[in-house]
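*Asks:* Sequence and predicted structure are below.
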Amino acid sequence: MSKGHLLMVGAGLSGAVIGRHLAEAGYRITVVDARDHVGGNCHTLRDPETGVLVHVYGPHIFHTDDEEVWDYVNRYETFLPYKNRVKATTGGAVYSLPVNLHTINQFFGKTMRPDEAHAFITEEQADTTIEDPQTFEEQAMRFVGKDLYEAFFKGYTTKQWGCHPSELPASILKRLPVRFNYDDNYFFHRFQGMPETGYTAMVERILDHPGIEVKLETTFTRDEAGDYDHVFYSGPLDGWFDYEIGRLGYRTLDFERFTYDGDYQGCAVMNYGEEEVPFTRITEHKHFSPWESHEGSVCYREFSRAAEPGDIPYYPIRQVKEKAMLSDYVKLAEGTQGVSFVGRLGTYRYLDMDVTIREALDTARGYLERAEKGAPVPAFFTAPL
Ligand code: FAD
Ligand code: UDP
């Protein structure tokens, strides 16, 4: 006898992890996704022509400090060692990212040691008149100075976000380190890796439980919510309310796919810092699975633009205007019974995969605790604001 029938809208990491946890606790779970595959935006698909494992909605690298999450994903998939080493083309040369001692020495034509480079950047490059940087531009000028900012960040960021870096919050740049050593690992996290057979295979295994039914190519509409004891909705928050207050702003991506016979660029990710180059980066997918070997290659040129109705919403914009609208949607959501808004789209936040899984586990546990006590289930287990 099941404890109740729950619906997961979305077969991405949020829907799969919450669904699995609650299926194991004795609930009957239905998972629906409008797409023809599970995995959400992490979806990976083997290209029949080249054999390359393609990250269909853009590259996904797994990195975390959360040991429980790392153990969780390793239960369903073998993760092989992978370090994200990004390169950047700008001003007719190729550099190492994130900005590190190699980048600095190469860019300025010097042979500085760490302390010399630190002194050079802080004393000769950084704009120390900026005491409390508020915008992306101020943050960059304060920490790396005009030359590096203009070469690596200004053009790329203008293309990525469709506005001048002086209109963006400093927090976006704070995600990227500047290093005064030769460490070119893009991430700091203790655990990093790539799924051997892909994220989709991993999500299929998470969903493989007798209590879980998966329906693909099935679009959920709000009036179906009453058929279930509770709905976990990982679709867009504004979409649940038929955009009645307006559309939350997103950036979308256009991927221009091309194949190549051989090794196109010699690395997985090549960023293009200049605004004149219309794309932000080129990703070469076989390099995301370095243990495999393929003659042919599949690459994506990535173009960023404002999402229109019908586009895939990728990056929440979360500027002042969007936050005001978000706060109105949050109020509407909090007055709605029978649904919890989860994941990247449901809470309108940029969430990495590890954070998505952490929140999904906490949400499922939180639901169980409340269900046992007969306590009300909140619209949000993690506040979007
Ligand atoms: P999603 O993956 O978006 O899944 C939501 C699902 O819900 C979708 O499949 C959608 O079709 C479905 N859906 C929505 N509405 C409906 C409806 N009404 N009816 C039926 N189905 C519906 N994270 C990292 O850790 N490392 C990375 O390198 C990384 N790279 C990224 C690159 C890009 C370009 C993007 C956009 C994200 C990246 N991420 C990365 C983040 C990662 O994609 C997310 O953490 C993860 O996908 C969130 O999972 P989710 O289940 O919340 O949402
Ligand atoms: N960024 C940049 N140049 C680069 C890489 C990143 O200016 O070569 C900026 C850009 O604004 C981006 C932000 O730094 O949104 C954060 O970088 P990250 O690699 O985390 O980008 P995301 O995961 O958001 O695509």
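*Replies:* Arrived safely, thanks for sending. Numbering: from 1, shown residues only. Ligands and ions are numbered 1, 2, ... in the order given.

*Asks:* For the stretch 201-350 of the chain, which segments count as helices?
*Replies:* 237-240, 320-334, 343-346 (DSSP state H, counting those that start in this stretch).

*Asks:* Isn't I172 up against F136?
*Replies:* Yes: because the distance of 5.4 Å satisfies Cβ atoms under 8 Å, I172 is recorded as touching F136. (C-beta placed from N, C-alpha, C; glycine too.)

*Asks:* out of those two, which sits in the more crowded spot?
*Replies:* F136 (25 against 19; other Cβ atoms under 10 Å).

*Asks:* Now do the contacts for that one.
*Replies:* Shown in contact with F136 (Cβ atoms under 8 Å, 6 or more residues apart in numbering): F153, T157, P165, S166, L168, P169, A170, I172, L173.

*Asks:* and these, which of them are in helices?
*Replies:* Judged by DSSP state H, helices contain the following of these: T157, I172, L173.

*Asks:* Could you dump the residues you listed into TSV and include distance to ligand 1 and pLDDT?
*Replies:* Formatted as TSV, those follow (distance: Cβ to the nearest ligand atom, whole Å; pLDDT from 0 to 100):
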residue	distance to ligand 1	pLDDT
T157	16	97
I172	14	91
L173	17	89
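
*Asks:* Out of the residues you listed, which comes closest to S304?
*Replies:* T157 (10.2 Å; Cβ to Cβ).

*Asks:* Identify the residues contacting the spatially closest residue to that closest one that is not a sequence neighbour.
*Replies:* Excluding its sequence neighbours, the residue lying closest to T157 (Cβ to Cβ, 6 or more residues apart in numbering) is P165, at 4.8 Å. By Cβ under 8 Å, 6+ apart, P165 lies in contact with T135, F136, E137, A140, F153, K154, T157, T158.

*Asks:* which residue does the stretch 201-350 of the chain bring closest to ligand 2?
*Replies:* N271 (3.8 Å; Cβ to the nearest ligand atom).

*Asks:* can you pull the contacts of that residue?
*Replies:* Neighbours of N271 in contact, by Cβ under 8 Å, 6+ apart: V86, K87, A88, T89, L97, F152, Y156, T280, R281.

*Asks:* hmm, back to that, out of the ones in helices among the contacts of F136, which comes closest to M194?
*Replies:* I172 (25.1 Å).

*Asks:* Tell me how far the closest one lies from P133.
*Replies:* 12 Å (Cβ to Cβ, to the nearest Å).

*Asks:* So which bits of the stretch 101-250 of the chain are right by ligand 1?
*Replies:* T219, F220, S234, G235 (Cβ under 6 Å from any ligand atom).

*Asks:* Going by distance to P195, which of those wins?
*Replies:* For these, the residue nearest P195 by Cβ to Cβ is S234; the value is 20.0 Å.

*Asks:* wouldn't the closest one be in contact with V9 here?
*Replies:* Yes: under the criterion of Cβ under 8 Å, S234 makes contact with V9 at 6.1 Å.

*Asks:* Need the residues touching each of those two.
*Replies:* Joint contacts of S234 and V9 (Cβ under 8 Å, 6+ apart) are G15.

*Asks:* before we move on, back to that, identify the contacts common to I172 and F136.
*Replies:* The contact sets of I172 and F136 overlap at T157 (Cβ under 8 Å, 6+ apart).

*Asks:* Leaving out chain neighbours, which residue sits closest to E67?
*Replies:* F191 (7.5 Å).

*Asks:* Okay, the one you found and K83: tell me how far apart.
*Replies:* 12 Å.

*Asks:* which of the contacts of P165 are buried?
*Replies:* T135, F136, E137, A140, F153, K154, T157, T158 (16 or more other Cβ atoms under 10 Å).

*Asks:* now, which of those sits nearest S340?
*Replies:* Out of those, the member with the shortest distance to S340 (by Cβ to Cβ) is F136, at 32.9 Å.

*Asks:* Quick check, the residue in the stretch 51-200 of the chain closest to ligand 1?
*Replies:* For the stretch 51-200 of the chain, Cβ to the nearest ligand atom, closest residue to ligand 1: G58, 3.1 Å.
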